[in-house]
Structure formats: structure tokens, C-alpha cells
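Novice: Sequence first, then the predicted structure, then my questions.
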Amino acid sequence: RPIVELRGAGKAYGNVRALHGVDLAVHPGRVTCVLGDNGAGKSTLIKIISGLHQHTEGDFLVDGEPVRFGTPRDALARGIATVYQDLATIPLMPVWRNFFLGSEMTKGPWPVRRLDIARMKRTADEELRNMGIVLDDLEQPIGTLSGGQRQCVAIARAVYFGARVLILDEPTAALGVKQSGVVLKYIAAARERGLGVIFITHNPHHAYLVGDHFSVLRLGTLELSAARADITLEE
Ligand code: ADP
Ligand code: ADP
């Protein structure tokens, strides 16, 4: 069954109907791509699921339970993690230190504040390797990594701290072909680990490379919602 589900969900900001009648399901081990032009409602959808905004219409369910007044803290506690485009990494901090940023907020595998530095470094190194990222020096400031590598560190961090659902906000938008490839490979790795992924993108090609389901928003409503098997490339 889906971890996260929207049923006829919507959001109005005062008189502005940003999202209306949206059905969406996020299953473990599947990538749901959300496409749409600027103003289509993609950010509003992310904000509902990550607890930043309340939906004003329909239902929002996590593990089958309706969520009425979700908060970002609730979302994190339920394993819903958002990786924003601006990454929430601190450029001048070492890679390993960035890996543990914000970990107080989540149910980490152990109380991270009590970890000694050597163990934190070792853990960051192991986790990044597990997800296929090999960096020769975790002491380097994260700002020296490529955009694609930084995205991957942010995703690995969310996975390590217990995310079951990853919301990726345009993770390839600012990247070139090669770096986009790195991130797409990484999205596939998260799926292999059984995470449900919401992949927000403008890029239909990137969506098609990793997506299991495609939801296209237009002016706040679903223009298309189709499983991969139902998509034909002809026409
Ligand atoms: P997208 O992320 O796809 O660009 P948004 O969810 O940001 O779309 O916006 C959907 C619509 O809702 C747009 O018409 C936008 O102007 C409007 N909107 C978004 N946020 C707010 C807000 N906080 N207050 C009023 N209108 C908003
Ligand atoms: P929620 O209660 O879901 O957290 P918001 O905090 O997004 O809702 O919005 C509360 C009210 O403030 C809404 O009615 C909306 O119209 C208004 N609002 C919030 N952000 C903006 C914005 N960027 N532009 C215009 N109005 C906004």
C-alpha cells in the first residue's frame, strides 16, 4: 500500500486555487515523477506532503492514516524527507559535517550528538559508499563538490536518517548532462533500497529514465496520471 497518498486533495491560498482534485500515491520502491510548468502547483504539492502547508480540500494520508494538521516535524518523524534545490548544505563545512546537519530533527539510528568525530566521519564515508559515492576527502568543504555530488550527499543523508519517502525538488535542474546522470543513478539507488521517491522535474527525459509513475500538473490539476506501462512513446 502507498506510504503517502493524496485523494482529491487541493489547496487554496485565499482566493487562489493553487491545487485542486489531485490524486497521487507514493509506494515503497517506486519513483513518482511530478511534471508541470511554472505555476502548475508542484511546490504547493510538496509543501502539503512535507507539512509546510495544510491542504484545504480532499485527503492527505500517511500509512493510510488521514493527516489533518501536519507539521514539518511530523513529516520528518514519519520518514518524509525533502531535498530542496538549494540543498540545505553549508558550503564551507566539511562534507562529513554536512552529512550530520539537521540530524537532531530525525529519529536517527542513534543519538548523533553523542557520536565522536571519528565515528561520524567513518559513518558518513560508509553511507556515501553504500550509495555509490566515493569521495577521496571528506574533510573538504562541501562547496568544492559538484552540484550533482552535493545532491547525492543530501540524498544519502536523508536515507541514512530513516527517510522512507524522498521528495526531490528539481534535483537536476541546475546540472549538466553528466552530473544529471549521477543524480539519476542515485535516484535509482534510493528506489532499490525501497524508498518511495517523488521526483519533481521540468525534464520529461529525466522523468522517463527513472520514473515508475508520471503525474503531470497543469494550472493546479492533474492533466495526466499514468503508470510507466501505460505510456507509449508513439504519436
Ligand atoms: P509551481 O511550483 O508548479 O511553480 P506553485 O505551487 O508554486 O507552482 O504555484 C501554484 C499557484 O499558486 C500559482 O498560481 C501561484 O502563484 C500560487 N501560489 C503559490 N504559493 C502561493 C501563496 N503562498 N499565496 C498565494 N498564491 C500562491
Ligand atoms: P497554511 O495555513 O497552509 O500554512 P499559508 O501559510 O501558505 O497556509 O498561507 C496562509 C495565508 O497567507 C493564505 O491564505 C495565503 O493567501 C496567504 N499567503 C501566504 N503566502 C503568501 C504569498 N506568498 N503571497 C500571497 N499570499 C500568501
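Specialist: In hand now; what should we look at? Ligands and ions are numbered 1, 2, ... in the order given.
Novice: Which residues of this structure lie near ligand 1?
Specialist: Selection of the chain residues close to ligand 1 by CB under 6 Å from any ligand atom yields Tyr13, Val16, Ala18, Gly36, Asn38, Gly39, Ala40, Gly41, Lys42, Ser43, Thr44. Where C-beta positions appear, they are placed from N, C-alpha and C, glycine not excepted.
Novice: quick one: contacts for the most centrally placed residue in the chain?
Specialist: Nearest to the geometric centre of the chain sits Ile167, at 2.0 Å (CA atoms, centre = their mean). The contact partners of Ile167, taken as CB atoms under 8 Å, 6 or more residues apart in numbering, are Ile46, Ile49, Ser50, Ile80, Ala81, Thr82, Val83, Ile198, Ile200.
Novice: Take those residues and write them to CSV, including neighbour count.
Specialist: Below are these laid out as CSV (neighbours: other CB atoms under 10 Å):
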residue, neighbour count
Ile46, 19
Ile49, 26
Ser50, 22
Ile80, 25
Ala81, 25
Thr82, 24
Val83, 21
Ile198, 25
Ile200, 24
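Novice: of the residues you listed, closest to Pro72?
Specialist: Ser50 (6.1 Å; CB to CB).
Novice: doesn't Gly79 make contact with that closest one?
Specialist: No - applying CB atoms under 8 Å as the test, Ser50 and Gly79 come out as separate, 11.7 Å apart.
Novice: per-residue pLDDT, Arg122?
Specialist: Note on Arg122: pLDDT of 89.
Novice: My error: substitute Asp23 in the last question.
Specialist: With respect to pLDDT, Asp23 has a value of 98.
Novice: Leu128 now?
Specialist: Reported pLDDT for Leu128: 87.
Novice: Perfect, I'm done here.
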